[in-house]
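[1] Build the 3D model from these lines:
(4 chains)
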2 protein chains.
Amino acid sequence: MSTETPTAGRPRAFDENTVLDRAAEVFWRRGYEGASLSALTGAMGINRPSLYATFGSKEELFKRAFARYHDRQVATARAALDRPTAYAAIEAFLRSSADGLTADDHPPGCFSIQGGLASAPENARVSEALATGRAATEGVLRERLTRAAAEGDLPDDVDPRALARFVMVLSEGNAVHAAAGARRADLHAAVDIALRALPTRPGPATA
Amino acid sequence: MSTETPTAGRPRAFDENTVLDRAAEVFWRRGYEGASLSALTGAMGINRPSLYATFGSKEELFKRAFARYHDRQVATARAALDRPTAYAAIEAFLRSSADGLTADDHPPGCFSIQGGLASAPENARVSEALATGRAATEGVLRERLTRAAAEGDLPDDVDPRALARFVMVLSEGNAVHAAAGARRADLHAAVDIALRALPTRPGPATA
DNA sequence: ACTCCACTCTACTGCTCGGTACAAAAAATG
DNA sequence: CATTTTTTGTACCGAGCAGTAGAGTGGAGT
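    Here you go, the predicted model:
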């Protein structure tokens, strides 16, 4: 099994996490259905049998690769949201999102969206897994804003769920633009405008 | 040729636009790469040779199907933008977008995005065609807002291009949510918040 | 009524897909 | 050093892919 640590036998010639990151990049760039096994093994630097012995199937490989991406995504989101006010948290979230969508150490845009928004029915589980991941990120945001509401850091008439959705919409729309090659400054310009929509303002708790 | 009108011979047993719309739905639901010829011909109600005689290739079929969708999209956008003020135009655009993304006479979400954000290199032209379509819609929006700026219907410090991009980001982010099954009310809630961000307000020209 | 010709249909092509069998290779254990 | 255990590499599998050949079909023009 891939999760166990064998005591004997020929040692693996590759690092599991390293090849997962390379696989993620292929899925990200080509989408699940556009990522052929040949492209994957080529980028990962391993052959098919090694891939199948380690990950079981293309779908499992995808899920493992996406899980790594998603965990980092959530960690980044949590870090950004760790700000004293709702306004600062949202701004940090959107700024780090815009930067992440245009970072040059990985493909432009968002794995959760490029991976496969729509797919053949037999691959529906993949699209669903991605949607679940995005929903989880939105959940982190929602928790933070719900806390802000409880702390009086949001006006009483603001629905934290709707606000979290709005922020995610912004981030996802920017992801679509980034996938098409938009420049970082363009994404931040959209964030600039969005921030004016917030029912809270810079500085300590408003009401 | 499909574009000529033959005077003799067996007449075509299907309507070109009808089968194009059915093809569009398959591409929309499954993405370009997830839409197999079997799925396409099945939904279109014609066989492969008819498809190839009429459209030439899968890629050409896709472009024709997308062109129809896109033309309607642009027409709808233009209609929505035909409002006296920038605020009203933007609101109408976003409302009709949210409704279109959740209409029940076609798949949820947006063909331009679900069709194929990312793809294998050999299908890159498809993703590019979709991105070009989205850029065209953004162009229509930008023209309207540029006119608003010229008319004094937007504050002088507002960049119509950035504002158009912001509105498109909203629409595209909502499309991602819609693809994942979001309800219409959720999309409108995001629009509600976005409208507060506008550097213009309901009613005749502000400044 | 006959001819013509575009369209329709079945059956096929070469190719690539995701996935696997099997034997050679290589490190740990005795 | 021989054995064991796991990984690696080559070469392959059936299935499904996009695309096509060619016989059959049926309405329009004469």
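
[2] Could you tell me how far residue A:48 is located from residue A:37?
    The gap separating residue A:48 from residue A:37 is 6 Å, by Cβ to Cβ, to the nearest Å. In short, each C-beta sits where N, CA and C put it, glycine included.

[3] how much space between whichever residue of chain A sits closest to DNA strand D and residue A:53?
    Residue of chain A nearest DNA strand D, by Cβ to the nearest atom of the strand: residue A:9 (2.3 Å). Distance, residue A:9 to residue A:53, by Cβ to Cβ: 12 Å.

[4] Show me which of the two is the more surrounded one.
    Legend: neighbour count by other Cβ atoms under 10 Å in any protein chain shown for residue A:9 and residue A:53, higher for residue A:53 (13 against 6).

[5] Which element, helix or strand, includes the more buried one?
    Residue A:53 is located in helix A:48-55, with elements delineated by DSSP states H and E.

[6] next helix or strand past that helix?
    Taking DSSP H and E, what comes next after helix A:48-55 is helix A:58-81.

[7] need the residues of chain A near DNA strand D, please.
    Counting by Cβ under 7 Å from any atom of the strand, the residues of chain A close to DNA strand D are A:2, A:6, A:8-14, A:46-50, A:53-54.

[8] Residue A:126: neighbour count?
    Using other Cβ under 10 Å, the number of residues around residue A:126 comes to 22.

[9] next one: phi and psi at the closest residue to it other than its chain neighbours?
    Nearest in space to residue A:126, with sequence neighbours left out and distances taken as Cβ to Cβ, 6 or more residues apart in numbering or on different chains, is residue A:32 at 4.8 Å. Dihedral angles of residue A:32 (phi, psi; degrees, to the nearest 10) stand at phi -60, psi -50.

[10] Residue A:32 touches residue A:115, doesn't it?
    Yes: Residue A:32 lies in contact with residue A:115 (Cβ atoms under 8 Å); the separation is 5.7 Å.

[11] so what sits against both of those two?
    Shared contacts of residue A:32 and residue A:115 (Cβ atoms under 8 Å, 6 or more residues apart in numbering or on different chains): A:62, A:126.

[12] how far does the longest helix anywhere in chain A sit from the chain's center?
    Assignment by DSSP state H gives helix A:124-150 as the longest helix of chain A. Here helix A:124-150 is found 10 Å from its chain centre; the criterion is Cα atoms, centre = their mean, to the nearest Å.

[13] Counting by contacts, list what the helix or strand just after that helix packs against.
    Using DSSP H and E, the helix or strand that follows helix A:124-150 in sequence is helix A:160-179. With contacts taken as 3 or more Cβ pairs under 8 Å, 6 or more residues apart in numbering or on different chains; DSSP states H and E, helix A:160-179 sits against helix A:86-101, helix A:111-114, helix A:124-150, helix A:184-195, helix B:160-179, helix B:184-195.

[14] Turn those into a markdown table, including mean pLDDT.
    Shown next, in a markdown table, are the helices and strands packed on helix A:160-179 (pLDDT from 0 to 100):
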| stretch | mean pLDDT |
| --- | --- |
| helix A:86-101 | 98 |
| helix A:111-114 | 98 |
| helix A:124-150 | 98 |
| helix A:184-195 | 97 |
| helix B:160-179 | 98 |
| helix B:184-195 | 97 |
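
[15] now for those, which one comes closest to residue B:20?
    Between residue B:20 and these, the tightest spacing by Cβ to Cβ is seen for helix B:160-179, at 21.4 Å.

[16] Hey, what's the angle from that closest one to helix B:184-195? Just curious.
    Angle, helix B:160-179 to helix B:184-195, by axes from the mean of the first three to the mean of the last three Cα atoms, to 10 degrees: 160 degrees.

[17] How far away from the center of its chain is helix B:160-179?
    12 Å.

[18] got it, and stretch A:17-24?
    Centroid separation for stretch A:17-24 versus its chain: 15 Å, with Cα atoms, centre = their mean.

[19] Can you point out the buried residues in that stretch?
    Buried positions in stretch A:17-24, judged by neighbour count with 16 or more other Cβ atoms under 10 Å in any protein chain shown: A:19, A:20, A:21, A:22, A:23, A:24.

[20] Which one of those is nearest to chain B?
    Here the nearest of those to chain B, counting by Cβ to the nearest Cβ, is residue A:24; it sits at 12.5 Å.

[21] State the three-state secondary structure for the residue of chain A closest to DNA strand D.
    Secondary structure state of residue A:9, per DSSP: H, G, I helix; E, B strand; the rest coil, is coil.

[22] Pretty sure residue A:45 sits against residue A:19.
    Yes: using Cβ under 8 Å, residue A:45 makes contact with residue A:19 at a distance of 6.9 Å.

[23] Identify the residues contacting residue A:36.
    By Cβ under 8 Å, 6+ apart, the contact list for residue A:36 reads residue B:120.

[24] Pull out the buried positions in stretch A:174-189.
    A:174-180, A:182, A:184, A:186-189.

[25] Put the alpha carbons of it into PDB.
    Taking C-alpha atoms only, stretch A:174-189 is exported to PDB below (Å, rounded to 0.1, in the frame of the first residue of the first chain):
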ATOM      1  CA  ASN A 174     -11.400  36.600 -11.000                       C
ATOM      2  CA  ALA A 175     -10.200  33.000 -11.400                       C
ATOM      3  CA  VAL A 176     -12.100  32.900 -14.700                       C
ATOM      4  CA  HIS A 177     -10.400  36.000 -15.800                       C
ATOM      5  CA  ALA A 178      -7.000  34.800 -14.600                       C
ATOM      6  CA  ALA A 179      -7.500  31.500 -16.600                       C
ATOM      7  CA  ALA A 180      -7.900  33.600 -19.700                       C
ATOM      8  CA  GLY A 181      -4.700  35.500 -19.000                       C
ATOM      9  CA  ALA A 182      -5.800  38.600 -17.100                       C
ATOM     10  CA  ARG A 183      -3.000  40.500 -15.400                       C
ATOM     11  CA  ARG A 184      -2.700  40.700 -11.600                       C
ATOM     12  CA  ALA A 185      -3.500  44.400 -11.600                       C
ATOM     13  CA  ASP A 186      -6.800  43.800 -13.300                       C
ATOM     14  CA  LEU A 187      -7.800  41.400 -10.600                       C
ATOM     15  CA  HIS A 188      -6.900  43.800  -7.900                       C
ATOM     16  CA  ALA A 189      -8.800  46.500  -9.700                       C
END
